[in-house]
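In: Just need the structure, nothing else, for what follows:
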Amino acid sequence: MSKSLPYSMKDVHYDNAKFRQRSLIKVITQNFLTSNVQRECIKCSTGRFLVLLMIFGVAYLMLTHTSDIPSSDGIAKNVGTEEGKSFFTDGKGRFRKFWRKPPRLPPQLSPDEIVARNNSIHNSDKTDSGPDWKARQQRVKEAFMHAWSGYRNSAMGYDELMPLSHRGIDGLGGLGATIVDALDTAMIMGVDEAVHEAGSWIEKHLPERIDGKGQVNLFETTIRVLGGLLSAYHLSGGEHAGNASTKGPKPVVYLENAKNLADHLLIAFTSSPSAIPFSDVVLRDRAAHPAPDGLSSTAEASSLQLEFNYLSSLTGDPKYAAETMKVLEHMKTLPKVKGLVPIYINPHSGEFRGENIRLGSRGDSYYEYLIKVWLQNQGSDLTYLHDMYKESMKGVKELLVRKSVPNGLVFVGELPYGHQGAFSPKMDHLVCFLPGTLALGATKGIAKEKAMRENLLNFEDLENLKLAEDLAKTCFEMYSVTSKGLAPEIAYFNMEGHSEGGPGGGNKNSKYVNDIIIKPADRHNLLRPETVESLFYLFRITEDLKYREWGWEIFEAFEKYTKVDSGYTSLDDVTVLPPQRRDKMETFFLGETLKYLYLLFGDRDVIPLDEYVFNTEAHPFPIRGNAGTK
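Out: Numbers count the residues shown, from 1 in each chain. Down below sits the predicted model:
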């Protein structure tokens, strides 16, 4: 109870009394009898008689007098009355109330009572405000701890866990990819034990692995291992020693390993005859070579800049940023189809190869990094990246966006034979990064309400934001249309004039069971993060709770069908029950999927989107000028 104001209950009773109803007769009598003139007049018998006569006369006139005025239809109506009624009587001859009762205002409360009532309302709002998102966030943290425990016990030091076989496998070059990929997730969640275990392993074992291992993929190693080390350095307080985390090794350990790894990876750029790097690096030999077909993936070559730019910023050595930015500067000069590019590029000639245009595998993160590299370096002379991004999104809307039949799901298809060839209604789950990227590009990470209030959005931004929301719904329906509530790797869509035919997702209760086709070779689920990534972005930007609800449904499906004793496993077929399990837990399940779910259910000021940019493996880096933000 707050301290009372100088205001007594006597005052309250007085104020309340002012609003009580009082008798009309009592009011007239008191007013009449308190008048000196009236009292003198009443003393006179003649006066009393005249007063009574006047009262009865006025009453008679009011009760009986009507003015007959012909109406337009010749029927007389009572002026000032409803039809068939006098001014003072209703249709049944009963007297009508011709005065109004005074309004009954609520009793005035004392200051102490006001405080007590407000506290009661506030507490009631808390209990009736819907789901407990903190509790749901805790559930995601527990899922991470379960996955980490399974990895630590059965596969520590290997790239990935095989949760059914209870052993590890090196599928990404043997750098302990799960350890580094999961480290900043553990930091964000506050899982101190995992931070200590991962950090200690990196300090003791990673340097020798970087110097002694064989072939690694440039792109995968950059986004998962280099990106993970740089994010861990920042989140552990590396840029401000006074804020350094006490968990794990000193932050400089992460930076030294990142620099060592980047020095090995740079050979992919410096040994290529063009600005396009080779796709593979042999770490122990410090050598690089192209893929067996001689080509590099467009997405892989153009999704290295966030990581190397940030390393240059931390070390003060411009060589890392200079080598990687040459790729985007070169791609700016190449011919495109309304901003869209083929998915292969030749590192020997520096030219695009083939005509296949898609935003799925080998094409996706090219478009993602155009806007993110620009956001990371706002204030620098990189406006050409923003221009390339805007042009490409116009091309997506014009050439790749369609609606399904019969229910009109918006999806993004492919042009496997170029813009003059046939359109394919095929959409990879990987394309579900796009709603988040569109939303980020529209508001630059600022909440939509604030951006609207400050007139920061133009028509194109609003159009892109609407497309983002439509595509996010489609990505969610790719989950809900299946028997397990988990999306397939690839889906096809029925469209006007073109029916794919074939099996659906298995959930006959879904409204979109006839819109989405899932072919036998595409039914697997790898625990991918792209849909929950976009739900995270859209919730942060639009503040619409449906994105949290959708994310929770997806998380519950992961819990129900992919959780096993020693972690989580990918699935062979999401359209049938019981689940057919694959024996693999991808590193990105800990590094991306669970991280985005945790942030989706948490406070908006944790890793804010206008201060951080996430690389394509969900490792957050501070935007230039925000390096001190944590």
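
In: what secondary structure does L438 sit in?
Out: Under DSSP: H, G, I helix; E, B strand; the rest coil, L438 falls in the helix class.

In: Contact partners for the residue nearest to it when sequence neighbours are not counted?
Out: Counting by CB to CB, 6 or more residues apart in numbering, A468 is the residue found nearest to L438 once chain neighbours are left out, at 3.8 Å. C-betas here are computed from N, CA, C, even on glycine. For A468, the contacting residues are 434-436, 438-439, 442, 534, 538, by CB atoms under 8 Å, 6 or more residues apart in numbering.

In: now do 10 Å
Out: By CB atoms under 10 Å, 6 or more residues apart in numbering, the contact list for A468 reads 434-442, 534, 537-538, 541-542.

In: How about S312?
Out: Counted by CB under 10 Å, 6+ apart, S312 has contacts 262, 318-325.

In: Report the residue spans of the stretch 301-450 of the chain with pLDDT below the cut-off.
Out: For the stretch 301-450 of the chain, applying pLDDT under 70 flags the ranges 379.

In: what ranges do the strands span in it?
Out: With strands called from DSSP state E, counting those that start in this stretch, the stretch 301-450 of the chain shows them at 344-345, 352-353, 401-403, 410-412, 426-428.

In: Let me know which of those strands is the nearest to L311.
Out: strand 344-345 (23.6 Å; CB to CB).

In: And that closest one, what does it pack against?
Out: strand 296-297, helix 298-301, helix 319-333, strand 352-353 (3 or more CB pairs under 10 Å, 6 or more residues apart in numbering; DSSP states H and E).

In: I'd like the ones you listed written out as a markdown table, with mean neighbour count and distance to A232 added.
Out: Converted to a markdown table, the helices and strands packed on strand 344-345 look like this (neighbours: other CB atoms under 10 Å; distance: least, CB to CB, whole Å):
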| stretch | mean neighbour count | distance to A232 |
| --- | --- | --- |
| strand 296-297 | 26 | 27 |
| helix 298-301 | 26 | 23 |
| helix 319-333 | 19 | 18 |
| strand 352-353 | 18 | 36 |
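
In: so which of the ones you listed gets nearest S483?
Out: helix 298-301 (31.3 Å).

In: Tell me the spacing between V337 and I169.
Out: From V337 over to I169 the distance is 40 Å, taken as CB to CB, to the nearest Å.

In: likewise E197?
Out: 20 Å.

In: higher neighbour count, these two?
Out: More crowded of E197 and I169, by other CB atoms under 10 Å: E197, with 19 against 15.

In: which one is that one nearest to, not counting chain neighbours?
Out: Among residues not flanking E197 along the chain, R152 sits closest, at 6.3 Å (CB to CB, 6+ apart).

In: quick one: buried residues of the helix or strand where the one you found lies?
Out: Using DSSP states H and E, R152 maps to helix 133-155. Neighbour-count burial for helix 133-155, counted by 16 or more other CB atoms under 10 Å, picks out 133, 136-137, 140-141, 143-148, 150-152, 154-155.

In: what do you get for stretch 504-518?
Out: Neighbour counts using 16+ other CB under 10 Å place 504-507, 510, 512-513, 515-518 of stretch 504-518 among the buried residues.

In: now do stretch 544-551
Out: For stretch 544-551, a neighbour-count test (16+ other CB under 10 Å) marks 547-548, 550-551 as buried.

In: Need the CA coordinates for it. CSV is fine.
Out: These are the backbone C-alpha positions of stretch 544-551, laid out as CSV (Å, rounded to 0.1, in the frame of the first residue of the first chain):
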residue,chain,number,x,y,z
ASP,A,544,2.5,-10.7,-34.2
LEU,A,545,2.1,-13.6,-31.7
LYS,A,546,1.1,-16.1,-34.3
TYR,A,547,4.8,-16.5,-35.3
ARG,A,548,5.5,-17.6,-31.7
GLU,A,549,2.6,-20.0,-31.8
TRP,A,550,3.8,-21.5,-35.1
GLY,A,551,7.3,-21.9,-33.7
